[in-house]
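**Student:** sequence and computational prediction follow.
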Amino acid sequence: MFNAEAIQARLRQQPFRPLRIVTSSGEAIEVTHPDLVLVGARDIIIGTAHRRNPSIYDTVTRIAVMHITALEDIPVPVPPGSNGQ
């Protein structure tokens, strides 16, 4: 089980790594930008990124913190020709 502080700490890690928030119902929501998440004491509000500007939301989802079961890293593709660093 997670608390608001643990979720907020994960969102503030630098550099930011995209993550998937998994709920007790099995729903999975991807977070691609930390500005799209508002963390409250009992729930979080997650914005779904707008297709033209990933730091602006298009729709929102509200989830009770007590129903968050996992915070999973989303693999970020390495651009071709880079050395992976």
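**Tutor:** Everything's here; your move.

**Student:** CA only for contacts and neighbour counts going forward, please
**Tutor:** Noted.

**Student:** gap between Ala6 and Pro18?
**Tutor:** Per CA to CA, to the nearest Å, Ala6 is found 16 Å from Pro18.

**Student:** quick check: beta-bridge partners of the residue positioned nearest the centre of the chain?
**Tutor:** Among the residues of the chain, the one closest to the centroid is Val31, at 3.0 Å (CA atoms, centre = their mean). Following DSSP bridges, Val31 is listed with bridge partners Leu19.

**Student:** that one against Phe16, yeah?
**Tutor:** No. If you go by CA atoms under 8 Å, Val31 and Phe16 don't touch, sitting 10.3 Å apart.

**Student:** anything in contact with each of those two?
**Tutor:** Counting by CA atoms under 8 Å, 6 or more residues apart in numbering, no residue touches both Val31 and Phe16.

**Student:** if we can go back for a sec, quick one, what contacts the residue nearest to the centre of the chain?
**Tutor:** By CA under 8 Å, 6+ apart, the neighbours of Val31 are Pro18, Leu19, Arg20, Ile21, Val37, Ile46, Thr48.

**Student:** want to throw those into TSV with pLDDT?
**Tutor:** Output for the contacts of Val31, formatted as TSV (pLDDT from 0 to 100):
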residue	pLDDT
Pro18	95
Leu19	96
Arg20	96
Ile21	97
Val37	96
Ile46	96
Thr48	90
